[in-house]
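**Q** take a look and give me a structure for this.
(one chain, ligands or ions: 2)
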Amino acid sequence: MRTNLLDLDADRLAGWFAARGEKAFRARQVMKWLHQACVDDFDAMTDLARTLREDLREHATIASPPVVSDRIAGDGTRKWLYDVGNGNAVEAVFIPEVDRGTLCVSTQAGCAVDCAFCSTGKQGFSRNLTAGEIVAQLWSANRLLRSATALRPITNVVFMGMGEPLLNFDNTVTALRIMLDDNAYGLSRRRVTVSTSGVVPMIDRLADECPVALAVSLHAPTDSLRDMLVPINRKYPLADLMAACRRYVAKAPRDFVTFEYIMLDGVNDTPEHARALVDLVADVPCKFNLIPFNPFSVAGTQIAFRRSDMGRVRRFAELLAEGGLVATTRKTRGDDIAAACGQLAGEVRDRTQREVRIIRKSMSADAGGIFST
Ligand code: SAH
Ligand code: SF4
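**A** Ligands and ions are numbered 1, 2, ... in the order given. A predicted model of the protein is given here:
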């Protein structure tokens, strides 16, 4: 079986070349071709001997899951849907802003954590993505964006797409290492954020093995409420999570953790909840990011939660501020193409499958439009 070179971080690539009797600097050369030039063809690697290029063709691939949908929202947000086989699709979203370009990547097809408000959770868990499939989202986005805009359109990566990155720990860390590598994407640790529902032991491992910016999906100030919204809380309750956050900050590239807090009308958005949060995080250096809930439906039925209205969100943010906390409210982007947080799977699997089918049909009819391959 041929090795997908997008799966290999610098050490593994050097090991792979060493096993073929090649010098270590070949790995660095190839790393640059793969991730800086973003080539998909060994023949484009013009500073490699022809015999080496032939050897690579025989034993290696540069394999990215096929892009089956490519859509751009009115606000410039762009969403790609990748076919990862067996009827599974995952998504990546590019969010352009004045001073940066952020790519949101997926780490799993589906998710086993099954948060009450999340469309990915409602799909169930299919499988972990390989490191190459995670990296390929950045690799292919770079290829597609570079032709359209600036040379380095992606300045930040957030692991906030489908799946729980810390339950696919090894592949997530390999992908992180490639994203941070100076011979690859050279992103700074502060500009790469892993978001977790709170897999406590893996937060510690991330701090030790590959510290990057950390976001924790908090969503509730008490165990009883969080047990319902984020079921992994039953295994790793709030006291343990807060302690893990404190330990993480000591080793992290940023001196705070970002707490994500989804605003669910009447569920977790009252002044009492805000005050309880202030107490909960009293000794964790942190910032809050309030996320208005994005509705979606499961098999045609709208999920029971509602988005808190903006007045309520503002009041909540004020109360956090009065408690000495910094709180920002996330702008919802890409609504019109279901690219907002938690909508990535659209109407849950069903819709994803239908979308893939529609695209296949339109491709075979050679139709243009918003979809491309
Ligand atoms: N599994 C990780 C990362 C992916 S989810 C995690 O849970 O942190 C990324 C963010 O989107 C999380 O904060 C999650 O709570 C949020 N999210 C999920 N569903 C949402 C929805 N319907 N509306 C708004 N945000 C949502
Ligand atoms: Fe999984 Fe995150 Fe969705 Fe929860 S919010 S189900 S952890 S992807």
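**Q** C-alpha from now on. contacts and neighbour counts both.
**A** Noted.
**Q** okay, how far is it across stretch 212-231, tip to tip?
**A** Using CA to CA, to the nearest Å, one end of stretch 212-231 lies 25 Å from the other.
**Q** buried residues of it, list them for me.
**A** Neighbour-count burial for stretch 212-231 flags 212-223, 226-227, 229-231 (criterion: 16 or more other CA atoms under 10 Å).
**Q** show the average pLDDT along it.
**A** Averaging pLDDT along stretch 212-231 gives 98.
**Q** what does that stretch contact?
**A** 113-117, 189-198, 206, 233-234, 237-238, 252-254, 257-263, 268, 273-274, 276-277, 280 (CA atoms under 8 Å, 6 or more residues apart in numbering).
**Q** what about the residue lying closest to Val192 once chain neighbours are set aside, how many neighbours?
**A** Once flanking residues are discounted, Val192 sits nearest to Val157: 4.9 Å by CA to CA, 6 or more residues apart in numbering. Neighbourhood size, Val157 [other CA atoms under 10 Å]: 23.
**Q** in helices only, show me the contacts of stretch 212-231.
**A** Among the contacts of stretch 212-231, the ones falling in helices (DSSP state H) are Leu206, Leu238, His273, Ala274, Ala276, Leu277, Leu280.
**Q** of those, which is the nearest to ligand 2?
**A** Sorting these by distance to ligand 2 puts Leu238 at the head of the list, at 15.3 Å, by CA to the nearest ligand atom.
**Q** how about the closest one, what does it touch?
**A** By CA under 8 Å, 6+ apart, the contact set of Leu238 is Thr222, Asp223.
**Q** kindly recompute the last result at 10 Å.
**A** 198, 200, 218, 220-224, 226-227, 244, 280-281 (CA atoms under 10 Å, 6 or more residues apart in numbering).
**Q** report how many residues lie close to Thr301.
**A** 9.
**Q** check which residues of the longest helix seen in the chain are buried.
**A** Counting by DSSP H, the longest helix found in the chain is helix 131-148. In terms of neighbour count (16+ other CA under 10 Å), helix 131-148 has its buried residues at 131-143, 145.
**Q** can you list the residues of the protein near ligand 2?
**A** Cys111, Val113, Asp114, Cys115, Cys118, Thr120, Gly121, Met162, Gly163, Glu164, Ser197 (CA under 6 Å from any ligand atom).
**Q** mind checking pLDDT for the residue nearest to the spatial centre of the chain?
**A** Nearest residue to the geometric centre of the chain (CA atoms, centre = their mean): Phe159, 2.5 Å. With respect to pLDDT, Phe159 scores 98.
**Q** from ligand 1, how far out is it?
**A** Between Phe159 and ligand 1 the distance is 6 Å, computed by CA to the nearest ligand atom, to the nearest Å.
**Q** list the contacts of that residue.
**A** With CA under 10 Å, 6+ apart, Phe159 has these contacts: 92, 103-107, 134, 165-166, 172, 176, 192-196, 214-215.
**Q** 7 Å instead, please
**A** Phe159 sits next to Cys104, Val105, Ser106, Pro165, Thr193, Val194, Ser195 when contact means CA atoms under 7 Å, 6 or more residues apart in numbering.
**Q** which part of the stretch 151-300 of the chain gets nearest to ligand 2, residue-wise?
**A** Residue of the stretch 151-300 of the chain nearest ligand 2, by CA to the nearest ligand atom: Gly163 (4.2 Å).
**Q** just to be sure, which of the contacts of Leu238 are found in helices?
**A** Short answer: the contacts of Leu238 in helices (DSSP H) are Val200, Asp223, Ser224, Arg226, Asp227, Ala244, Leu280.
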